[in-house]
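Asks: here's my sequence, what's the structure:
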Amino acid sequence: MSTTPEEFPDEKEQINLAKNMSLGILWDVLSGMLIVGSLVVALLFIVIFLNPQSGVNPYPPTTLPPPIVTFTPSPTPKQVLPPTWTPGPSPTTVPAETMPAATETQVPPTITQQVTETISTNEGEEVSFVIEENSPSYTENTVHEEAGCAWLGVAGQVWDENGEPVDKILVEAGGVLGDEEISFLTLTGMEENYGEGGYEIKLSDQPVDSEGSVWIQLLNHTSKPFSEKIYFSTYNDCERNLILINFIQKPLQ
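Replies: Numbering: from 1, shown residues only. Sure, this is the predicted structure:
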């Protein structure tokens, strides 16, 4: 049986067919590589998004150093009147020994605070407060434990004729302590460590001996005296560096 030339493919057609098959395979390979590359790039984006500090990130974000916080606490200011305040004229000095003392110790009950302007005085008499019996008394500074013996001061309470604590009365301390002249001013009701109507004045950073050269006095809101100047002594003694002086209003007539 013989084969005619028309039964065999032409040589050019065979070559074209081979080329087409090669190109198809090449396009398939390139398409597959493009898909794989896209998946790899997408995976890298996801990894970098979840962890910017990852080693696969060619441009990781800069890590900022922690901020340095500098804070210097300031002491809480204590509410006192300006030291430059000058009181009005004071009456003739009367030593503590010549002043009348209250005949009965008053125990202040818990009541609503009063203001200075509500204090009534005996008619024709400006001085209406005297020191309580057993004042002054001396004790160790237990209020300011951090200061201990490096502290000297006078403190106490002020009550009206009914034994009720009185706030917002001026308390002035002055005189000569050691070789220095002193002058301090505060208000009653500012030191609850000593009870309602309490006050406190720091006189020195250390106990000092003085003999009747320091005084304390109550003043009303117009700087007129509510009491005589009460003179007292101080001691260079750590067990007597807190002087307690309580004032009580004389009964109204």
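Asks: partners of residue 170 in the sheet?
Replies: residue 187, residue 219 (DSSP bridges).
Asks: wait, it sits on residue 221?
Replies: Yes - using C-beta atoms under 8 Å, residue 170 is in contact with residue 221, at 7.3 Å. Just so you know, the C-beta spots here come from the backbone N, C-alpha and C atoms, and that holds for glycine as well.
Asks: the two: which is more packed in?
Replies: A side-by-side neighbour count of residue 170 and residue 221, using other C-beta atoms under 10 Å, places residue 170 first with 23 against 13.
Asks: so for the more buried one, what's the pLDDT?
Replies: Note on residue 170: pLDDT of 96.
Asks: and what of the one 10 residues further on?
Replies: On pLDDT, residue 180 comes in at 93.
Asks: just the buried positions in stretch 191-201, please.
Replies: 191, 194, 196-201 (16 or more other C-beta atoms under 10 Å).
Asks: give the buried residues for the helix or strand containing residue 28.
Replies: Per DSSP states H and E, residue 28 falls inside helix 11-50. Going by neighbour count (16+ other C-beta under 10 Å), the buried part of helix 11-50 is residue 48.
Asks: so which elements touch the helix or strand just after that helix?
Replies: Using DSSP H and E, the helix or strand that follows helix 11-50 in sequence is strand 129-131. Strand 129-131 is packed against strand 247-249, with contacts defined by 3 or more C-beta pairs under 8 Å, 6 or more residues apart in numbering; DSSP states H and E.
Asks: partners of the strand it packs on, with directions?
Replies: By DSSP bridges, strand 247-249 pairs with strand 129-131 (antiparallel), strand 152-159 (parallel).
Asks: how about those strands, which one is nearest residue 45?
Replies: With respect to residue 45, and counting by C-beta to C-beta, the nearest of these is strand 152-159 at 73.1 Å.
Asks: so for the closest one, what's the average pLDDT?
Replies: The model assigns strand 152-159 a mean pLDDT of 96.
Asks: can I get that strand in PDB? Just the C-alpha atoms.
Replies: Below are the C-alpha coordinates for strand 152-159, written out as PDB (Å, rounded to 0.1, in the frame of the first residue of the first chain):
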ATOM      1  CA  LEU A 152       9.200  75.500 118.300                       C
ATOM      2  CA  GLY A 153       5.700  76.800 118.300                       C
ATOM      3  CA  VAL A 154       2.600  78.000 120.100                       C
ATOM      4  CA  ALA A 155      -0.900  76.600 119.400                       C
ATOM      5  CA  GLY A 156      -4.300  76.200 120.900                       C
ATOM      6  CA  GLN A 157      -8.100  76.800 120.500                       C
ATOM      7  CA  VAL A 158     -10.400  79.800 120.900                       C
ATOM      8  CA  TRP A 159     -13.900  79.400 122.400                       C
END
